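[1] Sequence and predicted structure are below.
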Amino acid sequence: MATTTTLRIRPREPALAARFEFAGTAALAGIVAAIALLAAASAAAPSTIVPGSRPGFFPGWLAGPLHGLVPALSIGALQALVGIACACYLIAVRYAGRLGTRRLWAAIVLANVAGALAPPLFSADVFGYVGYARLAALHGLNPYLVGAGAAVHDPVSGLVGWPTLTTPYGPLFTLASEALVPLGVAGAVWAFKVLAALLSLATVAVLWRAAPDFGRSRHSAIALFGLNPVVLVFAVPGAHNEALLALLTAAVAVWVVNGREARAGVAAVAAAAVKASSALLLPFALVGSRERRRTALAMGAAIVGVAVIAVVAFGPHPAALAGALTTQQGKVAGHSVPSEVSKLLGLGMLALGVRIAFLVALAGVFVLMLRRALRGAPWLDCYGWTTLALLCSTAWLWPWYGLWAILPASLSSSRALRAATVVACLYLVAIRVLVHNPLSAG
């Protein structure tokens with residue numbers, strides 16, 4: 001007996017698709033406009049969101065090329081612009097798959113360029129980068145033994161956020177920073193900002209190419225990272241070295257999935273030699289590799305190489321970096337999760353018991369995720385969950401740390417991980433933009 005199939009016509013679907021596409025396109029325009037206006041308005045006059053600026057001191061090199069384009073805005077208006085960027089980001093990520101490639105790429109590039117043209121925002125870390133480099137290159141001082149403000153007559157010393165803190169950054173980053181010293185303070189600051197934008201866009205390019213290997217939509221992957229307010233408001237304008245960490249992590253992920261174990265191992269060690277927090281990547285990259293022995297050998301050789309470079313460049317002071325990290329973790333960012341929990345419990349800024357509980361929880365998540373990866377779960381997902389646990393457990397929390405989690409989430413097929421990462425990013429933006437914390441050293 002012949003059968004007939006009844007096709008259900010859904011006349012509203014084309015109209016809905018058009019609406020979704022329009023909403024996504026409008027969100028892209030909103031992000032670009034919000035970041036561009038934030039950049040131009042912050043360059044108009046000194047304010048609390050531009051570290052180093054103050055009434056009577058806002059030189060042209062600090063204000064940047066956008067100075068004078070628009071009038072100054074109130075802090076409330078600048079906060080509103082960040083809020084608009086966050087709202088548009090949520091819409092753009094939701095409808096990224098319906099957006100044209102050119103539109104999406106254009107928005108990412110324009111927003112990153114706008115962020116790079118802004119003065120340094122929300123963080124004095126870039127002055128610390130320059131200060132540590134100048135200590136070694138110009139003053140013969142070891143940045144692992146003295147603070148960035150030790151050379152009191154250096155023009156950067158008055159801009160450093162934490163002048164007595166020795167460098168918490170790895171030897172590869174500290175040594176590479178010295179290459180920018182000949183540019184002077186202003187030139188080095190803006191070189192760091194340009195590099196942050198270029199590294200951010202390079203990471204987007206890697207995500208675009210690698211997304212199908214991880215079962216991800218190219219459009220969704222690059223939207224999650226490239227349009228993220230943590231990237232556009234903090235990482236790029238603040239010239240944070242997290243932009244470099246994101247690119248190295250993306251490279252590790254690509255090389256692991258493509259069977260380039262030696263390259264992956266070296267890149268993972270390089271990331272840890274930029275910032276110690278990236279050492280968390282090493283065991284997960286090792287577990288995810290098809291040839292673990294080859295990866296382990298590459299990691300071991302790279303560790304030896306970094307150690308030799310560090311000793312030659314900075315002397316035999318292996319405990320100095322650990323001491324700087326311990327000092328940093330001894331401080332408390334007022335809106336870190338452990339601090340908020342401690343205050344909710346009426347135990348003060350951060351009770352020892354609360355801190356220990358979070359560290360134990362972090363260790364538990366690390367062990368659990370590593371076991372899952374060993375049993376065949378996607379290693380990058382396991383690493384992503386562990387980085388989120390690290391963000392939740394650290395007492396020293398700043399928004400740009402969100403890049404640690406954004407990168408693995410961008411390539412993850414887990415909706416839960418992506419959603420949790422977006423929520424974490426919104427929290428990180430809120431604690432810095434809505435509440436003015438002291439200048440950071442992160």
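    It's in.
[2] now the helices: where do they sit in the stretch 151-300 of the chain?
    Here the stretch 151-300 of the chain has its helices, by DSSP state H, counting those that start in this stretch, at 171-177, 184-210, 218-226, 229, 242-257, 261-272, 281-288, 292-314.
[3] Next, format those helices as JSON lines and append mean pLDDT and distance to Arg415.
    C-betas here are computed from N, CA, C, even on glycine. Compiled in JSON lines, those are given as follows (pLDDT from 0 to 100; distance: least, Cβ to Cβ, whole Å):
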{"stretch": "helix 171-177", "mean pLDDT": "94", "distance to Arg415": "34"}
{"stretch": "helix 184-210", "mean pLDDT": "97", "distance to Arg415": "17"}
{"stretch": "helix 218-226", "mean pLDDT": "97", "distance to Arg415": "11"}
{"stretch": "helix 229", "mean pLDDT": "97", "distance to Arg415": "20"}
{"stretch": "helix 242-257", "mean pLDDT": "96", "distance to Arg415": "19"}
{"stretch": "helix 261-272", "mean pLDDT": "96", "distance to Arg415": "26"}
{"stretch": "helix 281-288", "mean pLDDT": "96", "distance to Arg415": "20"}
{"stretch": "helix 292-314", "mean pLDDT": "93", "distance to Arg415": "29"}
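[4] which stretches of the stretch 301-442 of the chain have low pLDDT?
    For the stretch 301-442 of the chain, applying pLDDT under 70 flags the ranges 317-334, 435-442.
[5] hmm, back to that, any chance of the helices of the stretch 151-300 of the chain in CSV, with distance to Leu350 too?
    CSV is the format used below for these (distance: least, Cβ to Cβ, whole Å):
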stretch, distance to Leu350
helix 171-177, 28
helix 184-210, 31
helix 218-226, 31
helix 229, 27
helix 242-257, 24
helix 261-272, 27
helix 281-288, 27
helix 292-314, 32
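[6] Return the residues in contact with the closest residue to Val206 other than its chain neighbours.
    Leaving aside its sequence neighbours, Val206 sits nearest to Ala250 (Cβ to Cβ, 6 or more residues apart in numbering; 4.3 Å). Contacts for Ala250 (Cβ atoms under 8 Å, 6 or more residues apart in numbering) come out as Thr203, Val206, Leu207, Ala210, Leu407, Leu411.
[7] One more: Gly52?
    Gly52 makes contacts with Leu62, Pro120, Ala124, Phe127, Leu159, as judged by Cβ under 8 Å, 6+ apart.
[8] Tell me which of the helices of the stretch 151-300 of the chain is the most buried.
    Greatest average neighbour count among these goes to helix 229 (a mean of 29), per mean count of other Cβ atoms under 10 Å.
[9] Give the other helices and strands that it contacts.
    With contacts defined as 3 or more Cβ pairs under 8 Å, 6 or more residues apart in numbering; DSSP states H and E, the packing partners of helix 229 are helix 75-94.
[10] helices and strands around the helix it packs on, which ones?
    helix 12-42, helix 218-226, helix 229, helix 415-433.
[11] Quick one: those helices as a markdown table, columns for distance to Ala351 too.
    Formatted as a markdown table, the helices and strands packed on helix 75-94 follow (distance: least, Cβ to Cβ, whole Å):
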| stretch | distance to Ala351 |
| --- | --- |
| helix 12-42 | 37 |
| helix 218-226 | 35 |
| helix 229 | 31 |
| helix 415-433 | 20 |
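[12] For Arg260, which of the ones you listed is the nearest?
    Across the helices and strands packed on helix 75-94, Arg260 has its closest neighbour in helix 218-226 (19.9 Å, Cβ to Cβ).
[13] still on that earlier bit, any idea which of the helices of the stretch 151-300 of the chain gets closest to Arg372?
    Of all the helices of the stretch 151-300 of the chain, the one in closest proximity to Arg372, counting by Cβ to Cβ, is helix 281-288 (9.6 Å).
[14] Residues touching that closest one, excluding its own?
    For helix 281-288, contacts defined as Cβ under 8 Å, 6+ apart pick out 249, 252, 256, 264-265, 268-269, 271-272, 292, 295-296, 299, 369-370, 373-374, 378-380, 382-383, 386.
[15] Now with 6 Å, please.
    Outside helix 281-288, the residues that touch it by Cβ atoms under 6 Å, 6 or more residues apart in numbering are Val252, Val256, Ala264, Ala268, Ala271, Arg292, Thr295, Ala373, Leu374, Trp379, Tyr383.
[16] go on, stretch 353-373?
    Val287, Pro338, Val341, Ser342, Trp379, Cys382, Trp385, Thr386, Ala389, Ser393.
[17] Looking at those residues, which one is closest to Val194?
    Among the contacts of stretch 353-373, and counting by Cβ to Cβ, the member closest to Val194 is Thr386, at 31.8 Å.
[18] Apart from its chain neighbours, what residue comes closest to that closest one?
    Closest to Thr386 by Cβ to Cβ, 6+ apart is Met369, at 4.8 Å.
[19] Dump the contacts of helix 281-288 into a markdown table; add distance to Ala114 as well.
    A markdown table is the format used below for those (distance: Cβ to Cβ, whole Å):
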| residue | distance to Ala114 |
| --- | --- |
| Val252 | 29 |
| Val256 | 33 |
| Ala264 | 33 |
| Ala268 | 32 |
| Ala271 | 27 |
| Arg292 | 43 |
| Thr295 | 39 |
| Ala373 | 38 |
| Leu374 | 43 |
| Trp379 | 35 |
| Tyr383 | 31 |
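[20] Would you point out the most distant pair within those residues?
    Greatest spacing in the contacts of helix 281-288, by Cβ to Cβ: Ala271 and Leu374 (21.6 Å).
[21] thinking again about what came up before, and among the helices and strands packed on helix 75-94, the most buried is which?
    helix 229 comes out most buried of the helices and strands packed on helix 75-94 by mean count of other Cβ under 10 Å, with a mean of 29.
[22] Which residues are in contact with Met35?
    Check again: residue 35 is Ile, not Met. When contacts are counted by Cβ under 6 Å, 6+ apart, Ile35 touches Ala85, Ala111, Ala114, Gly115, Leu232.
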